[in-house]
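Peer 1: Predicted structure and sequence below. I'll ask about it afterward.
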Amino acid sequence: MGTAKLILDGKEHDFPTTTGSEGEVGIDIAKLRAATGAITLDEGYGNTGSCKSAITFIDGERGILRYRGYPIEQLGAARFTEIAYLLIYGHLPNAAEFEAWRDKLTRHSLLHEDMKKFFEGFPATAHPMAMLSAMVASLSTYYPDDQDLDLNIVRLLAKAKTIAAFSYKKSIGQPFMYPRNGYNYAENFLHMMFSVPAEPYEVNPVVARALNLLLILHADHEQNCSTSTVRMVGSSGANLFSSISAGISALWGPLHGGANQAVIEMLERIRDDGGGYQKFIDLAKDKESGFKLMGFGHRVYKNFDPRSLILKAAADEVLDELGIDDPLLDLAKGLERVALEDSYFVERKLYPNVDFYSGILYRAMGIPTNMFTVMFALGRLPGWIAQWKEMREEGYRINRPRQIYIGETARDWVPVERR
Ligand code: SDX
């Protein structure tokens, strides 16, 4: 425990510091306002820690990402449901724990039949993220309390992929395909997405392996926008399903999880414009243009996002195994090369993030662009759950930030006839 000294209006104030297991130092300002009358101001929270957590560690300068201490580079042979268990319960399941966990996830993957009716009310053009958020919130009407939290965690993880696949089937007017108990998580999702009643469907193992990797790489990322939203909503005492539904809505934004859809749309725009990178690099550098290089930059990573390195290699491998030649992959690599030679991006330490290559893989798997952020949400679900559960178990206060008021000072009401 150390001390930080603040001098305000000539008065000195000492505040305790806390140091995390990786040496990060936090200044504890819990008593700042009481001691000084002042608050801190940190728009976007780039310098503000909202909590202590033991789930995920990121080192943005060194490009490190670990789930409960395990580097993501070592998780290539893991199963997504294994990583979900690790994030939520804090240790890798042994064989018996893993089998029991997978059996429970298998047995809870069906939706209540009445929930299917909800989809009838959505227009065919409904964005799958809107349906996912609405349907996850609706789970709280069927499983109203958090008394059996472990069961509700299983229900949410198991049913979210079914809801996602049903959303896709709804958007293309095909019949819903029910989960099959012999499949693992990734295989079942692909089956529900792409099989039809009229003919047998074979899950492609290359695609299933790629999906498993994508889900693992998205599984958690400490206090990002959507996870902070899940914690914020959960801090009021709101139930798990409602808190996660709020996180899905936060993820949808193009600056966050919606970027994977925006990256493909940007690459298609560059392709349709003749494939010249420089015009779009220049646009991204021109503040007036409102154009950003989607999939580039990160609040924390000021080095490569380790996930984008893994996904770039996986894109090459999977497209090659599937015999797919996607011009957008070459476009993406060329854009990355040109950007990383440009001082604007180098000076601002803007590197490709997790969203830059993920869409190329989703496309190769036959997943439509408007489902990309749903895929991100399915991957992030165990992380959101783990963070919500940690908050609840560690004891929590309602999250209620302060503000610096810059509006009108006191003035008297004037009746309308005198205005
Ligand atoms: C995710 O937080 C997480 O962990 C998120 C995530 C997760 O796993 O949960 O990693 C997932 O959301 C990844 C990010 C996906 N979003 C995008 O790819 C959208 C494009 N990226 C940018 O919008 C931006 O980089 C953010 C939102 C990701 C980060 O924004 P910051 O930290 O607020 O950075 P900033 O906007 O203050 O940028 C600093 C400078 C600015 O220029 P100057 O004012 O210093 O001149 O860099 C510029 C920005 O204009 N800049 C970009 C840019 N990103 C930042 N310029 C052009 N193109 C970009 N993509």
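Peer 2: The structure has been received and is ready for your questions.

Peer 1: What is the burial count for the closest residue to the ligand within the stretch 201-350 of the chain?
Peer 2: Closest contact between the stretch 201-350 of the chain and the ligand, by C-beta to the nearest ligand atom, is at residue 297 (2.3 Å). All C-beta atoms are positioned from the backbone trio N, CA, C, and that covers glycine. Neighbours of residue 297 under the rule other C-beta atoms under 10 Å: 21.

Peer 1: Contacts made by stretch 330-340 with the rest, please.
Peer 2: For stretch 330-340, the surrounding residues in contact (C-beta atoms under 8 Å, 6 or more residues apart in numbering) are 263, 267, 270-271, 275, 277-278, 280-281, 284, 293, 295-296, 312, 345-346, 350-352, 356-357, 360.

Peer 1: circling back: now the residue of the stretch 201-350 of the chain closest to the ligand: closest residue in space that isn't a chain neighbour?
Peer 2: residue 350 (4.3 Å; C-beta to C-beta, 6 or more residues apart in numbering).

Peer 1: The one you found - that's part of a helix, no?
Peer 2: No. In this structure, residue 350 is coil, not part of a helix, as judged by DSSP: H, G, I helix; E, B strand; the rest coil.

Peer 1: and residue 201, how many neighbours?
Peer 2: Residues lying near residue 201 (other C-beta under 10 Å) number 16.

Peer 1: On the three-state scheme, it is what?
Peer 2: Quick answer, by three-state DSSP: residue 201 is coil.

Peer 1: where's it relative to residue 105, distance?
Peer 2: Per C-beta to C-beta, to the nearest Å, residue 201 is found 21 Å from residue 105.

Peer 1: swap in residue 307?
Peer 2: In this view, residue 307 and residue 105 are 24 Å apart by C-beta to C-beta.

Peer 1: Could you do residue 66 as well?
Peer 2: Distance of residue 66 to residue 105, computed by C-beta to C-beta: 24 Å.

Peer 1: Same question for residue 9.
Peer 2: Taken as C-beta to C-beta, the span from residue 9 to residue 105 is 58 Å.

Peer 1: more crowded one of those two?
Peer 2: For residue 9 versus residue 105, neighbours defined as other C-beta under 10 Å are more numerous around residue 105 (23 against 7).

Peer 1: Verify the stated contact: the more buried one with residue 160.
Peer 2: No. Residue 105 lies out of contact with residue 160 (C-beta atoms under 8 Å); the separation is 10.7 Å.

Peer 1: Longest strand in the protein, please.
Peer 2: The single longest strand within the chain, with elements called by DSSP state E, is strand 11-19.

Peer 1: Each with direction, which strands does it pair with?
Peer 2: If you go by DSSP bridges, strand 11-19 pairs up with strand 2-8 (antiparallel), strand 25-27 (antiparallel).

Peer 1: what sits up against that strand?
Peer 2: Applying C-beta under 8 Å, 6+ apart, the external contacts of strand 11-19 come out as 1-7, 25-29, 31-32, 35-36, 52.

Peer 1: quick revisit: give me the buried subset of the contacts of stretch 330-340.
Peer 2: 263, 267, 270, 277, 280-281, 284, 293, 295-296, 312, 345, 350-352, 356-357, 360 (16 or more other C-beta atoms under 10 Å).

Peer 1: Could you give the number of residues near the residue in the stretch 51-200 of the chain that the ligand sits nearest to?
Peer 2: Residue nearest to the ligand within the stretch 51-200 of the chain: residue 58 (7.3 Å; C-beta to the nearest ligand atom). Close neighbours of residue 58, defined as other C-beta under 10 Å, add up to 21.

Peer 1: With just CA atoms, put the host helix or strand of it into PDB.
Peer 2: Residue 58 is part of strand 56-59, with elements assigned from DSSP states H and E. The C-alpha coordinates for strand 56-59 follow below in PDB (Å, rounded to 0.1, in the frame of the first residue of the first chain):
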ATOM      1  CA  THR A  56      -8.800 -10.900 -17.400                       C
ATOM      2  CA  PHE A  57      -5.500  -9.100 -17.600                       C
ATOM      3  CA  ILE A  58      -4.600  -6.800 -20.600                       C
ATOM      4  CA  ASP A  59      -1.200  -5.100 -21.000                       C
END
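
Peer 1: Just give the strands next to it in its sheet, each with its orientation.
Peer 2: Strand 56-59 is paired, per DSSP bridges, with strand 64-67 (antiparallel).

Peer 1: C-terminal to the strand it pairs with, what's the next element?
Peer 2: Per DSSP H and E, the first helix or strand lying C-terminal to strand 64-67 is strand 70-71.

Peer 1: end to end, how far does stretch 340-359 reach?
Peer 2: End-to-end span of stretch 340-359 (C-alpha to C-alpha, to the nearest Å): 20 Å.

Peer 1: doesn't residue 385 make contact with residue 157?
Peer 2: Yes. Between residue 157 and residue 385 a contact is recorded at 7.2 Å, counting by C-beta under 8 Å.

Peer 1: any residues in contact with both of the two?
Peer 2: Joint contacts of residue 157 and residue 385 (C-beta under 8 Å, 6+ apart) are residue 84.
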